[in-house]
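Visitor: Build me a structure from this.
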Amino acid sequence: MSLPRRTGWYVAAASVAATLVYGFACAPANRSNSGAIGTGDAAQKAYVAPGTHDEYYAFMSGGFNGQVGVYGLPSGRLLKIVPVFSQFPENGYGYSEETKGMLETTFGNIPWDDLHHTALSQTNGEDDGRWLFVNANNTPRVARVDLNTFEASEILQIPNSGGNHGSPFITSNSEYVLASTRFSLPIPQADIPISDYKKSFKGTISFITADKPGKMDVAFQLVVPGYNYDLARAGKGPSKDWVFFTSYNSEQAYEKLEVNASKADKDFIAAINWRTLEACVKDGKAENWPADYMHNHMDEFSRVAVTETKKSVKVLNPMTCPNSIYFLPTPKSPHGADVDPSGEYIVAGGKLATVIPVHSFTKLQKAIADKAFETTIDGIPVLKYEAILAGEVKDPGLGPLHTEFDGKGYAYTSLFISSEVVKWKLGTWEIVDRAPTYYSIGHLMIPGGATTKPSGKYLVAMNKITKDRYLPTGPELTQSAQLYDISGDKMKLILDFPTTGEPHYANAIEAEKIKKNQKKFYSLAENKHPQVARNEKETGVSRNGKTVHVRMAAIRSHFSPDNIEGVQVGDTVLFHITNLEQDWDIPHGFAIQGATNSELLIMPGETRTLKWVPKALGVYPMYCTDFCSALHQEMSGYVRVSPQGSSVPLKANTLKAQGQVARAAARGVTLPAASAAADPHAAHSSNGTTPKLH
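Guide: Numbering: from 1, shown residues only. Modelled structure (predicted):
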């Protein structure tokens with residue numbers, strides 16, 4: 001397409017987009033459409049009776065809140081918020097001394113990030129329910145969420161990356177989490193004029209080991225031309241050893257990308273054979289580059305974050321690892337790259353394209369064998385578009401983004417500008433249905449839609465604009481998700497439900513694959529926290545200079561100790577609280593007046609630490625923040641704070657201290673106040689060392 005024609009189309013599309021967005025946003029909520037369904041029928045299809053469970057867990061990225069929202073489908077009920085890259089005062093994640101280390105990076109402790117995408121672990125190309133992987137876009141990181149506990153258990157920083165938007169994507173047996181750099185950079189980083197972009201900026205594709213909990217690492221990276229790399233899918237079946245990343249800005253523009261990165265007719269899908277890359281690493285073709293990056297994981301038994309700094313990464317170059325990567329020309333500004341359940345078709349959604357191109361893996365293999373190349377870029381062959389094309393979906397609508405599959409021979413593509421989902425048939429490329437969304441859909445999700453065995457029952461649209469869909473909440477409106485029944489020939493809208501943050505992508509999985517493996521409590525006998533108190537006799541207080549350790553137990557309905565004296569202004573007081581319960585759904589909370597962080601929420605059998613620095617003398621109340629029993633209000637206590645240098649002895653009314661006093665009284669002896677303080681041994685770990693907590 002010539003530049004004048006191309007620019008004219010772009011302006012026209014922008015004009016149409018503005019008109020459509022305005023029209024949809026101002027339309028009454030009950031306007032008729034082909035995707036509508038009778039109110040009673042819709043309610044029945046989405047209804048989950050009180051006391052019964054949803055069919056699916058849906059994991060929706062929180063976008064700018066750095067968290068994951070867990071919803072039930074088809075009800076749309078919010079079940080849980082899982083904090084990953086953001087502090088979370090509801091349970092103290094990122095605030096407690098045990099969890100602060102999860103947010104450590106080489107840039108420091110970062111309490112926020114932009115969580116865009118999710119990926120469930122797979123076995124033989126099917127979701128297996130073990131883990132959920134999520135990405136941090138701003139400070140490049142990938143995290144593992146353990147689906148036995150619904151907690152972030154591991155976070156890996158990614159070196160040589162600028163903007164980790166294109167991740168995490170999973171290979172068919174969870175061998176690797178895949179990640180790309182959105183913003184190309186000088187690699188390694190250097191003080192280089194931005195105008196040297198074409199000469200000095202590069203991208204990377206990272207392959208992160210994912211199949212062993214606590215062992216995530218960058219196995220190797222592939223250096224690629226300085227484009228903007230985006231979404232991806234690993235192959236399936238015959239293509240399972242491949243991964244397909246979209247890229248845009250093949251113009252390598254570095255300013256006003258809206259115009260300067262929209263000049264060419266086509267960009268590329270990067271088709272990468274990761275088995276070939278593995279072989280090149282094994283043959284010693286990778287270079288070890290210096291690279292500082294952090295790996296954090298939650299120790300299974302101490303429940304304390306372990307942090308380590310990595311110092312190097314293996315890097316491959318297409319020139320030294322031939323036959324590992326090829327560029328597939330794709331109509332302009334592709335966003336999603338999606339692979340159908342058979343592994344044969346690779347679908348790209350070009351935001352500025354008038355068709356949905358579908359590439360054939362079989363034809364790709366033949367084109368490589370025949371050397372059907374247009375050109376070579378930095379050692380990467382560019383295949384001929386016609387040689388790899390299976391077909392094009394004509395006139396799908398405006399702004400195709402992302403495609404998922406129902407396992408019944410149909411594909412569903414989101415169209416951002418025209419605010420709709422279009423359903424089309426694999427093989428014939430004909431459109432068979434379309435349904436409007438409200439409004440400006442980004443991604444869509446079908447349970448298992450990225451696997452070899454999708455569940456073709458529901459589709460969720462994640463929309464960018466809500467306007468009139470819900471009660472207004474000021475300038476910042478809630479985000480919109482919409483549930484469609486796709487079990488029949490026609491898509492039917494059956495539910496609107498609001499979401500937290502800005503969901504970009506989601507996964508859903510049959511509830512039975514996860515709920516049967518839920519952890520109900522942590523075993524006290526297995527608790528290896530250095531300050532654990534497994535019973536009330538192990539509680540107590542101790543001082544080490546200006547640091548006071550309070551080893552405390554919580555059980556319905558009291559703390560032990562619940563009165564502490566001898567703390568001084570300016571002391572650093574570490575409350576190490578163990579929940580002694582060994583039953584499901586009996587957490588305890590802890591807060592103290594004047595704390596500058598959050599409260600704690602301590603699960604049964606778990607130990608968590610709150611840091612408190614009193615700044616003024618007085619008596620400060622502390623209490624349980626989680627309603628745990630009929631006497632929850634009585635679960636409280638006090639800390640007395642004296643002036644610096646005070647002679648008030650450090651003491652606490654622990655069970656052991658009370659027992660010492662009682663035994664002495666029985667012998668007719670009155671113990672001095674200091675002697676009745678808690679057992680000094682109780683303030684130390686089993687090996688006599690103070691724990692290394694943040």
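
Visitor: so where is the protein shaky, pLDDT-wise?
Guide: Where the chain drops to pLDDT under 70, the residues are 1-39, 655-694.

Visitor: In contact with the residue nearest the centre of it: list those residues for me.
Guide: Nearest to the geometric centre of the chain sits Val134, at 2.8 Å (CA atoms, centre = their mean). By CB atoms under 8 Å, 6 or more residues apart in numbering, the contact list for Val134 reads Ser61, Val68, Val84, Leu115, His117, Thr118, Ala119, Val142, Ala143, Val145, Pro168. No exception for glycine: its C-beta is placed from N, CA and C like everyone else's.

Visitor: List the strands paired with the host helix or strand of Arg233, with their directions.
Guide: Assessed by DSSP states H and E, Arg233 sits inside strand 228-234. Looking at strand 228-234 with DSSP bridges, its partner strands are strand 242-248 (antiparallel).

Visitor: which other residues reach the strand it pairs with?
Guide: 166, 169, 171, 178, 180, 203, 205, 227-235, 261, 267-274, 328, 330, 332-337, 339, 346, 348, 361.

Visitor: and the gap between Val347 and Glu386?
Guide: 17 Å (CB to CB, to the nearest Å).

Visitor: what secondary structure does the closest residue to Pro400 other than its chain neighbours sit in?
Guide: Excluding the flanking residues, the one nearest Pro400 by CB to CB, 6 or more residues apart in numbering is Gly349, at 4.1 Å. Under the three-state scheme (DSSP: H, G, I helix; E, B strand; the rest coil), Gly349 adopts strand.

Visitor: Report whether the expected contact of Ser629 with Ser557 is present.
Guide: Yes: counting by CB atoms under 8 Å, Ser629 does reach Ser557; the two are 4.6 Å apart.

Visitor: and for those two, which residues touch both?
Guide: Met635.

Visitor: For the residue nearest to Gly409 when sequence neighbours are not counted, give me its contacts.
Guide: Of all residues not flanking Gly409 in the chain, Leu426 sits nearest, at 5.4 Å (CB to CB, 6+ apart). Neighbouring residues of Leu426 by CB under 8 Å, 6+ apart: Asp340, Tyr345, Val358, Phe405, Gly409, Tyr410, Ala411.

Visitor: what residues are up against the fifth one?
Guide: By CB under 8 Å, 6+ apart, Gly409 lies in contact with Lys425, Leu426, Gly427.

Visitor: from memory Lys80 sits against Gly72, does it?
Guide: No: using CB under 8 Å as the test, Lys80 is too far from Gly72 to be in contact (10.1 Å).

Visitor: Same drill for the two, tell me which one is more crowded.
Guide: Neighbour totals were compared for Lys80 and Gly72, and Gly72 leads with 19 against 13 (other CB atoms under 10 Å).

Visitor: Please tell me how far that one sits from Thr52.
Guide: In terms of CB to CB, Gly72 sits 10 Å off from Thr52.

Visitor: Ile346 too?
Guide: The value you get for Ile346 to Thr52, if CB to CB is used, is 40 Å.

Visitor: More neighbours: Val347 and Glu386, which one.
Guide: Val347 (29 against 10).

Visitor: Tell me who's in contact with the more buried one.
Guide: By CB under 8 Å, 6+ apart, the neighbours of Val347 are Gly336, Ala337, Asp338, Val339, Asp340, Ile356, Pro357, Val358, His359, Thr403, Ala411, Thr413.

Visitor: ok so the second one is a strand residue?
Guide: What it means is Ala337. Yes: assignment of Ala337 by three-state DSSP places it within a strand.

Visitor: surely it meets Ile269?
Guide: Yes: at 5.4 Å, Ala337 and Ile269 qualify as touching, with contact defined as CB under 8 Å.

Visitor: who touches the residue nearest to Leu364 when sequence neighbours are not counted in this structure?
Guide: Among residues not flanking Leu364 along the chain, Ile388 sits closest, at 4.9 Å (CB to CB, 6+ apart). Ile388 makes contact with Leu328, His359, Ser360, Lys363, Leu364, Ala367, Ala372, according to CB under 8 Å, 6+ apart.

Visitor: could you flag which of the contacts of Val134 are buried?
Guide: Applying 16 or more other CB atoms under 10 Å to those, the neighbour count classes Ser61, Val68, Val84, Leu115, His117, Thr118, Ala119, Val142, Ala143, Val145, Pro168 as buried.

Visitor: Can you name the residues that contact the fourth one?
Guide: Residues counted as contacts of Leu115 (CB under 8 Å, 6+ apart) are 61-63, 65-68, 84-85, 134-137, 501.

Visitor: Go again with 6 Å.
Guide: Ser61, Gly62, Gly66, Phe85, Val134 (CB atoms under 6 Å, 6 or more residues apart in numbering).

Visitor: Export the residues you listed to TSV and append columns for secondary structure and distance to Pro587.
Guide: Formatted as TSV, the contacts of Leu115 follow (DSSP: H, G, I helix; E, B strand; the rest coil; distance: CB to CB, whole Å):
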residue	secondary structure	distance to Pro587
Ser61	strand	26
Gly62	coil	22
Gly66	coil	23
Phe85	coil	23
Val134	strand	24
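
Visitor: would you turn these into JSON lines with distance to Lys285?
Guide: Formatted as JSON lines, the contacts of Leu115 follow (distance: CB to CB, whole Å):
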{"residue": "Ser61", "distance to Lys285": "36"}
{"residue": "Gly62", "distance to Lys285": "39"}
{"residue": "Gly66", "distance to Lys285": "37"}
{"residue": "Phe85", "distance to Lys285": "34"}
{"residue": "Val134", "distance to Lys285": "32"}
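
Visitor: tell me the two of these that are most distant?
Guide: For these, the farthest-apart pair by CB to CB is Ser61 and Phe85; their separation is 10.8 Å.

Visitor: how far away is Gln67 from Phe207?
Guide: Taking CB to CB, one finds Gln67 at 26 Å from Phe207.

Visitor: whoops, Thr596 was the one
Guide: 41 Å.

Visitor: Comparing the two, which residue is more hemmed in?
Guide: Phe207 (24 against 9).

Visitor: Tell me the bridge partners for that one.
Guide: Here Phe207, judged by DSSP bridges, has bridge partners Leu178, Phe220.

Visitor: ok, now Leu493?
Guide: Tyr484.

Visitor: Can you report how many residues neighbour it?
Guide: 22.

Visitor: From Met298, how far off is it?
Guide: 40 Å.

Visitor: Please pick the buried ones from the contacts of strand 242-248.
Guide: Looks like the contacts of strand 242-248 have 166, 169, 171, 178, 180, 203, 205, 227-235, 261, 267-274, 328, 330, 332-337, 339, 346, 348, 361 buried, using 16+ other CB under 10 Å.

Visitor: Tell me where the chain has helices.
Guide: Taking DSSP state H, the helices of the chain run over residues 3-26, 39-46, 197-200, 257-260, 274-282, 361-370, 385-388, 512-515, 655-666.

Visitor: Out of the contacts of Leu426, who's the most crowded?
Guide: Of all the contacts of Leu426, Asp340 has the most neighbours under the rule other CB under 10 Å, reaching 27 neighbours.

Visitor: And stretch 56-73, end to end?
Guide: End-to-end distance for stretch 56-73: 5 Å, by CA to CA, to the nearest Å.

Visitor: Show me where the stretch 551-694 of the chain has its strands.
Guide: Taking DSSP state E, counting those that start in this stretch as the criterion, the stretch 551-694 of the chain carries its strands at 558-560, 563-568, 572-579, 588-592, 600-602, 607-612, 618-623, 636-642, 651-652.

Visitor: er, the stretch 401-550 of the chain actually
Guide: So, for the stretch 401-550 of the chain - with DSSP E, counting those that start in this stretch - the strands run 410-415, 420-425, 431-436, 441-445, 458-463, 479-485, 492-499, 506-510, 540-544, 547-555.

Visitor: Okay, buried residues for the fifth one please.
Guide: What it means is strand 458-463. Those would be Tyr458, Leu459, Val460, Ala461, Met462, Asn463, for strand 458-463 by 16+ other CB under 10 Å.

Visitor: How about the longest one?
Guide: The neighbour-count criterion (16+ other CB under 10 Å) identifies Val548, His549, Val550, Arg551, Met552, Ala553, Ala554, Ile555 as the buried residues of strand 547-555.
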